[in-house]
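Student: Quick one, what's the 3D model for this:
(2 chains)
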Amino acid sequence: MTRSIGTATLAPPRKSPGVVRQIVNQRADYLYVLPALIVMLVVIAYPIWFTIDMSFYKTPASLQLRDRSFVGLKNYATILSAPAFWAVTWNTMIWTLASTCFAFLIGLGAALALHREFAGRGVMRALLLIPYVVSAVAASYVWKWLYHSDFGVFGALSVQLGFTDKPINFLDNLYTVLPSLIVVNIWREFSFAMIMLMAGLQTVPEQLLRAAQVDGANAWQRFWHITMPHLKGVSMVTILLLMVANFNSFVVPWIMTGGGPAGASDIWITHIYQIAFGRQNWGLASAYSVILFVVMMALGYFYVKALTRGDEGRAG
Amino acid sequence: MSDRITRKGFDGWRWAGRVFLTLLLLFTVVPMVWMVLTSIKTQFAAMQYPPQWWPQEPTLENYTKLLNPANPAGADFLRYFWNSLYISVATTILGVGVAVPAAYAFSRFRFPGRTFLFFAVLLRNMFPAVVFLMPLFILMRWMGLVGSHGSLILTYLTFGLPLSIWLLKGFYDNIPIQLEHAARIDGATRFQAFVLIVLPLSTPGIIATAIFSFIGAWNEYVYAITFLNKKERLTLPVGIQKYFAEFSTDWPGLMAATFLMSVPVVVLFLVLQQYFVKALTEGAVKA
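Tutor: Coordinates of the predicted model:
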């Protein structure tokens, strides 16, 4: 054992000794990854395969696999021809784009404002981060109560400040429900963008900013031509992570509205959940999931590209 | 000339920043404050229009009820709390145990398939929990784990793993490999070099990863609501929903429960904040 773990593996690999040979030579390396790999295979590869397979079948509600029947692409046809599909897609796009944009911009503003040292800065950062660590379930209940149609804070405030005659019923109105949920989502995740960008700001060279100031560049020009280019990488990663998280969100719309009223706040994930665990139409839900896979793979491609930027030439 | 203009512009931006931060702080804090204020009202006082902005007769009754094991509501709440704690701690310990060697291997070794494996790990991040629900449900049923805490621990372990590996790899990348070389020259095996040299140096990374696993497991809702079917096995996020939706919603009680549920993660976060922030930004920011 000890002998097989030679120094050779710590050094850069020698010139292509053949893949099989290399695997045999470095078999000990796999021991480190093996536990993770096994867990991943069982709980990730299998479900993905299962979902793809299932999407071609009509399955009974009991989820007894031997009673299923092959229906080919019928599930996909059903999805694409249903008007609900396009409504849900539209909601998902609004939800994802609006949440991501606002969370990112607010986070950027906060990062810039917090970049300079001032008394109470640490306390402020900690307070702003709390919504990010509190559970989505807790946040959803608190906001549901804030939006409450009769006793909610916002409804009462809008009346007392003279905006409306009676409390607005934020969550039961077709037009206000999605924006109201997006606000909750922004509340939960802007601080994620904030700390990512605060870390990014530390990589902006101070001398460059000072030099630009000496040359007469105003604050906006310094920001746009010096700070922003340095934040490009971290911004990409942040935006992609936010998009993925928003695309995948479930808890906030599920607890606050359940996708209602009349599907006005139904997004992909809540829709799939309803089809699977509400209507128990597992085949259809699987087909939905496969379409989702494809979209996520596209996003994943960009995510990996953004992450691997500059990974070559690091340790090892 | 330029000096005067920039200084004036600069001050404007600074004030804009202060105003912005104040508004943002209000946006962040108001919901939390309202949660706490509601939790110390009676049901009667909470259900008033216009609302009592400040509770006229503050009471801790909602909290004593939830924390009293003799009270049925309290007994349930404390059981859910214990379930959540047990599952989160188990997930954290197992998760760190699996992620540490994997992350180390990803950071140090160049073995065939390494890049592929690493991206496979990362891609798991991309898929929503709901997509994995059905197949995992069937898998758990096949393994006879449905309804058990084991099913949740196993699930949380996997969905936390990619992130843990990614976070830890960032920390290992920053530990100079020369330290291990020196240890090897002094006669340590590679495994010894890993355990005796690298592991102690990566303690901050391990702490950070543990916080993430814990918070993730503590807050998880989707799998918990799907896999657990017995009332006494529920975790907090699901438990409070089941409990409060049965009757007409007891908002002050719900707010008190929400508050108590948030306490462990917020305290953990505040105490270990620097690790948390470092871990979150480590992988994404490269100078």
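
Student: Please count neighbours and contacts with C-alpha atoms only from this point.
Tutor: Noted.

Student: Spatially central residue in the chain, please.
Tutor: Here I'm looking at chain A. In chain A, the C-alpha closest to the average C-alpha coordinate belongs to A:A245, at a distance of 1.2 Å (Cα atoms, centre = their mean).

Student: wait, chain B
Tutor: In chain B, the centroid-proximal residue (Cα atoms, centre = their mean) is B:I215; its distance is 1.9 Å.

Student: tell me which strands and helices the strand or helix carrying A:S235 is in contact with?
Tutor: A:S235 belongs to helix A:228-247 when assigned by DSSP states H and E. Counting by 3 or more Cα pairs under 8 Å, 6 or more residues apart in numbering or on different chains; DSSP states H and E, the packing neighbours recorded for helix A:228-247 are helix A:83-115, helix A:177-201, helix A:282-308.

Student: helix or strand right after the lowest-mean-pLDDT helix or strand in chain A?
Tutor: For chain A, the helix or strand with the lowest mean confidence is helix A:19-25, at a mean of 71 (criterion: mean pLDDT, DSSP states H and E). Counting by DSSP H and E, the next helix or strand C-terminal to helix A:19-25 is helix A:27-40.

Student: Next, A:D165: phi, psi?
Tutor: phi -80, psi -40 (degrees, to the nearest 10).

Student: just to revisit the earlier point, which one of the helices and strands packed on helix A:228-247 has the most crowded surroundings?
Tutor: Sort the helices and strands packed on helix A:228-247 by mean neighbour count, taking mean count of other Cα atoms under 10 Å in any protein chain shown, and helix A:177-201 sits at the top with a mean of 23.

Student: ok so, going back, if you average pLDDT over each of the helices and strands packed on helix A:228-247, which is lowest?
Tutor: Out of the helices and strands packed on helix A:228-247, the stretch the model trusts least by mean pLDDT is helix A:282-308, with a mean of 80.

Student: near chain B, which residues of the stretch 151-300 of chain A show up?
Tutor: Selection of the stretch 151-300 of chain A residues close to chain B by Cα under 8 Å from any Cα of the partner chain yields A:151-153, A:156, A:187, A:195-196, A:199-200, A:203, A:213-214, A:216-219, A:233-234, A:237, A:244, A:248-249, A:251, A:269, A:272-273, A:276, A:282, A:286, A:289, A:293, A:296-297, A:300.

Student: Give me the pLDDT for B:A45.
Tutor: Model confidence at B:A45, given as pLDDT, is 80.

Student: related to what we said a few turns ago, give me the spatial nearest neighbour of the residue nearest to the centre of chain B, chain neighbours excluded.
Tutor: In space, and not counting its chain neighbours, B:I215 is closest to B:V265: 6.1 Å by Cα to Cα, 6 or more residues apart in numbering or on different chains.

Student: Could you name the specific helix or strand carrying the one you found?
Tutor: Per DSSP H and E, B:V265 falls inside helix B:251-271.

Student: Give me the packing partners of that helix, helices and strands only.
Tutor: Helix B:251-271 makes packing contacts with helix A:121-133, helix A:136-146, helix B:2-39, helix B:43-46, helix B:61-67, helix B:203-219, helix B:236-245 when contacts are defined by 3+ Cα pairs under 8 Å, 6+ apart.

Student: give me the residue from the stretch 1-150 of chain B nearest chain A.
Tutor: Ranking the residues of the stretch 1-150 of chain B by distance to chain A (Cα to the nearest Cα) places B:A102 first, at 4.4 Å.

Student: Low-confidence ranges, the stretch 1-150 of chain B, go.
Tutor: Low-confidence segments of the stretch 1-150 of chain B, defined by pLDDT under 70, are located at B:1-10, B:111-128.

Student: How is the chain divided into domains?
Tutor: Chain wasn't specified; assuming chain A. According to automatic domain parsing, chain A is divided into the following domains: A:7-70, A:82-308.

Student: that's the wrong chain, I wanted chain B
Tutor: Under automatic domain parsing, the residue ranges defining each domain of chain B are B:2-39, B:61-282.

Student: mind listing what's buried in the first one?
Tutor: Just to be clear, that refers to domain B:2-39. Within domain B:2-39, the residues that qualify as buried by neighbour count (16 or more other Cα atoms under 10 Å in any protein chain shown) are B:6, B:17, B:20-21, B:24-25, B:28-29, B:31-32, B:34-39.

Student: Neighbours of the closest residue to B:L85 other than its chain neighbours, how many?
Tutor: Leaving aside its sequence neighbours, B:L85 sits nearest to B:W218 (Cα to Cα, 6+ apart; 7.2 Å). B:W218 is flanked by 28 other residues according to other Cα atoms under 10 Å in any protein chain shown.

Student: check contacts around B:W218.
Tutor: Counting by Cα atoms under 8 Å, 6 or more residues apart in numbering or on different chains, B:W218 touches A:S135, B:S84, B:L85, B:I87, B:S88, B:V265.

Student: picking up where we left off before, point out the most buried one among the domains of chain A.
Tutor: Ranked by mean neighbour count under mean count of other Cα under 10 Å, the domains of chain A are led by domain A:82-308, which reaches a mean of 19.

Student: Give me the pLDDT value at the residue nearest to the centre of chain B.
Tutor: We note a pLDDT of 90 for B:I215 in this prediction.

Student: Tell me if I'm right that it and A:V133 touch.
Tutor: Yes: using Cα atoms under 8 Å as the test, B:I215 is close enough to A:V133 to be in contact (7.1 Å).

Student: what do the two both touch?
Tutor: Shared between the contact lists of B:I215 and A:V133 (criterion: Cα under 8 Å, 6+ apart) are residues B:V265.

Student: now the helix or strand containing B:Y104 and helix A:27-40, what's the angle there?
Tutor: Assigned by DSSP H and E, B:Y104 belongs to helix B:72-108. Here helix B:72-108 points in a direction 150 degrees away from that of helix A:27-40 (axes from the mean of the first three to the mean of the last three Cα atoms, to 10 degrees).

Student: Helix B:72-108 versus helix B:251-271: what angle between them?
Tutor: Going by the same axes, to 10 degrees, helix B:72-108 makes 30 degrees with helix B:251-271.

Student: how far out from the middle of the chain is helix B:72-108?
Tutor: 10 Å (Cα atoms, centre = their mean, to the nearest Å).

Student: just checking, what packs against it?
Tutor: Using 3+ Cα pairs under 8 Å, 6+ apart, the elements in contact with helix B:72-108 are helix A:27-40, helix B:61-67, helix B:149-173, helix B:203-219, helix B:236-245.

Student: So the first one, near chain B or not?
Tutor: Yes: Helix A:27-40 reaches chain B (Cα under 8 Å from any Cα) through A:D29, A:Y30, A:Y32, A:V33, A:L34, A:P35, A:A36, A:V39, A:M40.

Student: Show the pLDDT at the first one.
Tutor: Reading off the confidence values, A:D29 has pLDDT 72.

Student: Assess the claim that it and B:A105 are in contact.
Tutor: Yes: contact between A:D29 and B:A105 holds when scored by Cα under 8 Å: they sit 6.7 Å apart.

Student: can you count the residues close to residue 79?
Tutor: Assuming you mean chain A. Neighbour count for A:I79, taken as other Cα under 10 Å: 17.

Student: wrong one, I was asking about chain B
Tutor: A total of 20 residues lie near B:R79 under the criterion other Cα under 10 Å.
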